[in-house]
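Peer 1: Have a look; sequence and predicted model below, questions after that.
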Amino acid sequence: MQTILFSPKSASSRAGNWTTASRWKQILESAGHRVTLSNDPDLTRFGNAKLLIGLHAKRSARIAIRFQRSDPDRRVMIALTGTDVYRDLPRGRNIVTMTKALQSCDRIIALQPLMIDRLPARWQPKTSVVMMDMPTPNSRLPNPTKRKFTKGTLNVCVVGHLRREKDPFRAQLAIRKLKQHGSIKITHAGNALSPRYRQMAEKKNAADPNWNWLGSVSRNRVDQLMRQSDLLVNSSIIEGAPNILFEAMSFALPMIVSRIDGHTAILGTDYPGYFPAGDTDGLRRLLLRAANERCFRESLCQHVRRISKRYKRGNEKQALLNAIKAAVV
């Protein structure tokens, strides 16, 4: 089937939606689909495509509606993002077109099961869950039980663009007032998506020797950063199903993350590395435990290793193909 994967972001943005779209392109091509990945809303460039999969409901809504109306034989699927489900739909403001698109589309894709609970009941029966597989990194870390533990020291990585939904400076705030500040060092990889965030990052980078902002970096550099780190922090207040959690698990990298649906749906409710979203003190306490308590750090590693076994390669492909089958019937 000739298929269009529409993502409002471009490859240069290194945004999560484009990363997901690129991965789905490979999955669908391996199943025999002819796939075009595009952020161009011009329908005339889509040729005779019979299926459109739009990532990010609010930003894909107009193109989805036009695509569907242009030919009654065309089918539309819309993949929901975290901002769609946890910000825009609950607020209900400026989402008329988005609501129309979700109402009329043939299938909705949720990136994790807790998203479905947040949708109106009328949309839930036509929603499929498509969760990411465990990626294969370029090279792996040693077995986590054999990692070096030096009490009082911790190398932390944060991977994510600087924008409000990511709460990007929470980790830096958490270590700012520590008496043994030098024992915990944080490296943050991610582009500043506004001049304001760039100014804030540059100011913090200059003032805090234990917080190192790398800006936008390559995929290989992110892999290298995760291999060299003891721990990953993801402090987002809104997430759909963050790719970085799966990537960290592929390196057996333990995590401390905010307790939100996008994290608990992947790691489970009993994961020991949660702190309340936006809670600087809560994050600080967990970072200190990870730096000073070998048993706590090993517990995080063991949980990550056990959780990663749930996400076997091939599950995402089968779920995506099943969703398409349901859409085109």
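Peer 2: Thanks, I have it.
Peer 1: ranges for the helices of the stretch 1-150 of the chain?
Peer 2: Using DSSP state H, counting those that start in this stretch, the helices of the stretch 1-150 of the chain run over 16-30, 57-70, 82-83, 89-91, 96-104, 114-117.
Peer 1: mind checking how far the last one is from the chain centre?
Peer 2: Looking back up the chat, that one is helix 114-117. 16 Å (Cα atoms, centre = their mean, to the nearest Å).
Peer 1: can you dump the C-alpha coordinates of that helix into PDB?
Peer 2: The C-alpha coordinates for helix 114-117 follow below in PDB (Å, rounded to 0.1, in the frame of the first residue of the first chain):
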ATOM      1  CA  LEU A 114      -2.900   4.900  29.700                       C
ATOM      2  CA  MET A 115      -3.500   7.300  26.900                       C
ATOM      3  CA  ILE A 116      -6.700   5.500  26.000                       C
ATOM      4  CA  ASP A 117      -8.200   6.200  29.500                       C
END
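Peer 1: Let me see the contact set for the residue nearest the centre of the chain.
Peer 2: When Cα atoms, centre = their mean is applied to the chain, the residue found nearest the centroid is residue 242 (1.8 Å). Counting by Cβ atoms under 8 Å, 6 or more residues apart in numbering, residue 242 touches 16, 160, 234, 236, 262, 263, 266. Quick note: C-beta positions are derived from backbone N, CA and C, even for glycine.
Peer 1: will you turn these into JSON lines that also has secondary structure?
Peer 2: Formatted as JSON lines, the contacts of residue 242 follow (DSSP: H, G, I helix; E, B strand; the rest coil):
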{"residue": "16", "secondary structure": "helix"}
{"residue": "160", "secondary structure": "coil"}
{"residue": "234", "secondary structure": "strand"}
{"residue": "236", "secondary structure": "coil"}
{"residue": "262", "secondary structure": "helix"}
{"residue": "263", "secondary structure": "helix"}
{"residue": "266", "secondary structure": "helix"}
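Peer 1: Sort those residues by pLDDT and name the bottom one.
Peer 2: When these are compared by pLDDT, residue 16 scores lowest at 66.
Peer 1: Do a quick rundown of the strands in the stretch 101-250 of the chain.
Peer 2: 107-110, 127-129, 154-159, 184-189, 211-215, 231-234 (DSSP state E, counting those that start in this stretch).
Peer 1: Show me the strands paired with the second one, marking each as parallel or antiparallel.
Peer 2: Paired strands of strand 127-129, with direction, are strand 107-110 (parallel) (DSSP bridges).
Peer 1: and if you look at the fifth one?
Peer 2: On the basis of DSSP bridges, the sheet neighbours of strand 211-215 come out as strand 184-189 (parallel).
Peer 1: and the strand it pairs with, what's its mean pLDDT?
Peer 2: 96.
Peer 1: Check what contacts that strand and list those residues.
Peer 2: Contacts of strand 184-189 (Cβ under 8 Å, 6+ apart): 153-159, 168, 171-172, 175, 178, 201, 210-217, 221-222, 225, 229, 233, 287-288, 291.
Peer 1: Separate out the buried members of the residues you listed.
Peer 2: Buried by 16 or more other Cβ atoms under 10 Å: 154, 156-159, 168, 171-172, 175, 201, 210-211, 213-214, 222, 225, 229, 233, 287-288, 291, out of the contacts of strand 184-189.
Peer 1: wait, isn't residue 43 in contact with residue 69?
Peer 2: No: assessed by Cβ atoms under 8 Å, residue 43 is found out of contact with residue 69, at 9.9 Å.
Peer 1: who has more neighbours, these two?
Peer 2: Neighbour totals were compared for residue 43 and residue 69, and residue 43 leads with 16 against 12 (other Cβ atoms under 10 Å).
Peer 1: With distance to residue 1 as extra columns, can I get the strands of the stretch 101-250 of the chain in a markdown table?
Peer 2: A markdown table is the format used below for the strands of the stretch 101-250 of the chain (distance: least, Cβ to Cβ, whole Å):
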| stretch | distance to residue 1 |
| --- | --- |
| strand 107-110 | 14 |
| strand 127-129 | 17 |
| strand 154-159 | 34 |
| strand 184-189 | 37 |
| strand 211-215 | 40 |
| strand 231-234 | 36 |
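Peer 1: roughly how far apart are residue 319 and residue 218?
Peer 2: 29 Å (Cβ to Cβ, to the nearest Å).
Peer 1: So those two - more neighbours on which side?
Peer 2: residue 319 (18 against 10).
Peer 1: what's the spacing between the more buried one and residue 66?
Peer 2: 27 Å.
Peer 1: related to what we said a few turns ago, just send the helices of the stretch 1-150 of the chain back as a markdown table, with distance to residue 299 too.
Peer 2: Converted to a markdown table, those look like this (distance: least, Cβ to Cβ, whole Å):
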| stretch | distance to residue 299 |
| --- | --- |
| helix 16-30 | 28 |
| helix 57-70 | 38 |
| helix 82-83 | 27 |
| helix 89-91 | 34 |
| helix 96-104 | 40 |
| helix 114-117 | 24 |
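Peer 1: For residue 194, which of these is the nearest?
Peer 2: helix 82-83 (15.4 Å; Cβ to Cβ).
Peer 1: Residue 247 against residue 132, yeah?
Peer 2: No: using Cβ under 8 Å, residue 247 makes no contact with residue 132, being 9.2 Å away.
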